[in-house]
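Peer 1: build me a model from this:
(chains A, B and C)
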Amino acid sequence: MARLRFCTADGDVESVGEVRMKFDALRRRFSQLEDAKETSCGNKRADLRASTVLMNNGILANTRKRIGAVPGIEIGGIFFFRIEMCLVGLHAPSMAGIDYMNLKFDREEEPVAISIVSSGGYEDDVEDKDVLIYSGQGGVSKRKDKKEKEAGDQKLERGNLALERSLHRGNEVRIIRGMRDLVNVTGKIYVYDGLYRVHESWTEKGKSGCNVFKYKLLRIPGQPEAFVIWKSVQQWRDNVSSRPGLILPDLTSGAEKLPVSLVNDVDYEKGPAHFTYSRTLKYSKPIKSMGPSVGCSCQSTCLPGDPHCSCVMKNGGSLPHTANGVLVVRKHVIHECGPSCKCYPNCRNQVSQNGLRVRLEVFKTNDRGWGLRSWDPICAGTFICEYAGEVVDEVKVGVDMDGDEENEYVFDSTCDIDDSFEWNYAPELLDEERHEARGPQLSLVISVKHSGNVARFMNHSCSPNVFWQPVLYDHSDESFPHIMFYAMKHIPPMTELTYDYGLCGTYFRNMQRRVCLCGSYKCRGFIH
DNA sequence: GAGTATTCACTTAC
DNA sequence: CGTAAGTGAATACT
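Peer 2: I've put the predicted structure just below:
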């Protein structure tokens, strides 16, 4: 997936990835801190606070303005905040819709447009997904005495002038399309839709009767699909049967809260080998013998920092997820509220146990069997699914497989990826203490050969976009946690979900290594 | 209550 | 140093 384009001193796949990871890590931490505060003071906006820290530390990519593609930023990439696009050099202004720069032509210096963020206010203007009609900027001024806004004619200056010049010069303009976030209704998601050219400009009368500039941009052909995927998904959502290659509208037969469609649009295979769909984890011994969990006695909902809430205290005094359910940092274990707690079921300390929240699809890959992907865009830290199956008896792990054929449908927690268990964690930027994330080594092995949930279809990648997190809620035995999968980074719709299967696990130790086909430039060459 | 409008706080680049 | 900019979140209103 991640293709290495070219490297420059200030921007490439690695540095853009690092900036984006750190930005979101800080942003989540700031929201968590803000959540816990009763009296808020100063800047409440976690996104802006995170960006300030990064800028003060010089953690930026592609700081030089440029025309055309930006190293390390793929077409189809998604952003949840405007400021995120500033930090990686995709679109420099924090609020304005048009970015431009002066370019020398012969001896004349002229402003030309570099990139546009289209908020989608005029989305019904055009049917064709390769066309963008964009309104110019300006024409609105604040009256000095009152706070009311006054409409006026737009002028041929700033971004408008730059777009006009770009029409004549024919330079590439990056287009970012803003869409409403369906999960977080107040939020917006920005999709980088690749390069366009300005083809036409005119003026028309706006609502207030004043002149507005209009620009028609056409997408340069031959680029990977981006925005058009969003439009297709929208169609499938309205009518599942319009999904090409659909085999089953819901492979879980209603077991999950959301349907999971089964799709094959590459060959004629009619589906994966038979298995029983089960969304719960089956233990080899009863939960009671594992030590029941002692719940909290909160009245309605558990609050961060509450010393009387035993669940909050088990999590180190804070809630592991932000107010909109995004995991803040990876820990050796997370304690969610469970059946033995007195708090209400809508308590904010119950996230991963509540099942699917993103619309998933099991699909046939080109060369790695069946895989998993999402119709919805996924924000870093979002819960995706549990690894549900049968816990393999500890005695059987590591001994020979009784002549059983090799079972590859296994999750093995003993596989060491590297010595670090961390994800997106940068306490040094906040002058915070680094806590030891890795707890005692788990020996948990889960088989999904006979029964399991969607997680059994998740393939391995050496540069994955998903990681696992142990969670406890229905018992207190730390050696048998639930294994919950979360997004490592923002994942655009229809991108395959993968996690790192790791190396040298006890279960796989005596098996032949499989060749890895993940295609990442960091590929280790083998799985397990 | 959910969905929309308004207000308010805040940042970058002229 | 002021100001504009398809911001984003919290709050006020239907």
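Peer 1: list the buried residues of the lengthiest strand in chain A.
Peer 2: With secondary structure taken from DSSP state E, chain A has its longest strand at strand A:188-205. Buried residues in strand A:188-205, counting neighbours by 16 or more other Cβ atoms under 10 Å, are found at A:188-198, A:201. Any C-beta I mention is one placed from the backbone N, CA and C, and that applies to glycine too.
Peer 1: where do the helices sit along chain A?
Peer 2: Along chain A, counting by DSSP state H, helices occupy A:13-36, A:46-56, A:82-87, A:158-169, A:227-238, A:310-314.
Peer 1: let me know which of the ones you listed is the nearest to A:R279.
Peer 2: Across the helices of chain A, A:R279 has its closest neighbour in helix A:227-238 (22.0 Å, Cβ to Cβ).
Peer 1: only C-alpha atoms, please: export that closest one in CSV.
Peer 2: This file holds the C-alpha atoms of helix A:227-238, laid out as CSV (Å, rounded to 0.1, in the frame of the first residue of the first chain):
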residue,chain,number,x,y,z
PHE,A,227,-13.3,11.1,-3.6
VAL,A,228,-15.2,8.8,-6.0
ILE,A,229,-14.8,5.9,-3.6
TRP,A,230,-16.7,8.0,-1.0
LYS,A,231,-19.5,8.5,-3.5
SER,A,232,-19.7,4.8,-4.3
VAL,A,233,-19.8,3.9,-0.6
GLN,A,234,-22.7,6.4,-0.1
GLN,A,235,-24.6,4.5,-2.8
TRP,A,236,-24.0,1.1,-1.3
ARG,A,237,-25.1,2.4,2.1
ASP,A,238,-28.4,3.4,0.6
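Peer 1: for that helix, give the mean pLDDT please.
Peer 2: Helix A:227-238 carries an average pLDDT of 92.
Peer 1: and stretch A:430-449, by the same measure?
Peer 2: Mean predicted confidence for stretch A:430-449 is 83.
Peer 1: before we move on, what about stretch A:383-399?
Peer 2: Stretch A:383-399 comes out at a mean pLDDT of 82.
Peer 1: about what we covered before: ok, and which of the buried residues of strand A:188-205 reach DNA strand C?
Peer 2: With Cβ under 7 Å from any atom of the strand as the criterion, the buried residues of strand A:188-205 include A:K188 near DNA strand C.
Peer 1: and the buried residues of strand A:188-205, which is closest to DNA strand C?
Peer 2: A:K188 (4.5 Å; Cβ to the nearest atom of the strand).
Peer 1: who's in contact with that closest one?
Peer 2: A:80, A:119, A:178-181 (Cβ atoms under 8 Å, 6 or more residues apart in numbering).
Peer 1: could you do A:S118 as well?
Peer 2: Contact partners of A:S118, counting by Cβ under 8 Å, 6+ apart, are A:97, A:132, A:134, A:175-178.
Peer 1: find the nearest non-adjacent residue to A:C516, please.
Peer 2: Nearest residue to A:C516, sequence neighbours excluded (Cβ to Cβ, 6 or more residues apart in numbering): A:I527, at 5.0 Å.
Peer 1: distance to A:R513 and pLDDT for the buried residues of strand A:188-205 - can I get that in JSON lines?
Peer 2: Listed next are those as JSON lines, based on distance: Cβ to Cβ, whole Å; pLDDT from 0 to 100:
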{"residue": "A:K188", "distance to A:R513": "44", "pLDDT": "90"}
{"residue": "A:I189", "distance to A:R513": "39", "pLDDT": "93"}
{"residue": "A:Y190", "distance to A:R513": "41", "pLDDT": "94"}
{"residue": "A:V191", "distance to A:R513": "38", "pLDDT": "94"}
{"residue": "A:Y192", "distance to A:R513": "37", "pLDDT": "96"}
{"residue": "A:D193", "distance to A:R513": "40", "pLDDT": "96"}
{"residue": "A:G194", "distance to A:R513": "39", "pLDDT": "96"}
{"residue": "A:L195", "distance to A:R513": "42", "pLDDT": "97"}
{"residue": "A:Y196", "distance to A:R513": "46", "pLDDT": "97"}
{"residue": "A:R197", "distance to A:R513": "49", "pLDDT": "97"}
{"residue": "A:V198", "distance to A:R513": "53", "pLDDT": "96"}
{"residue": "A:S201", "distance to A:R513": "59", "pLDDT": "94"}
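Peer 1: okay, and the beta partners of A:L103?
Peer 2: Beta-bridge partners recorded for A:L103 (DSSP bridges): A:E110.
Peer 1: make sure it is actually in contact with A:V112.
Peer 2: Yes - assessed by Cβ atoms under 8 Å, A:L103 is found in contact with A:V112 at 5.2 Å.
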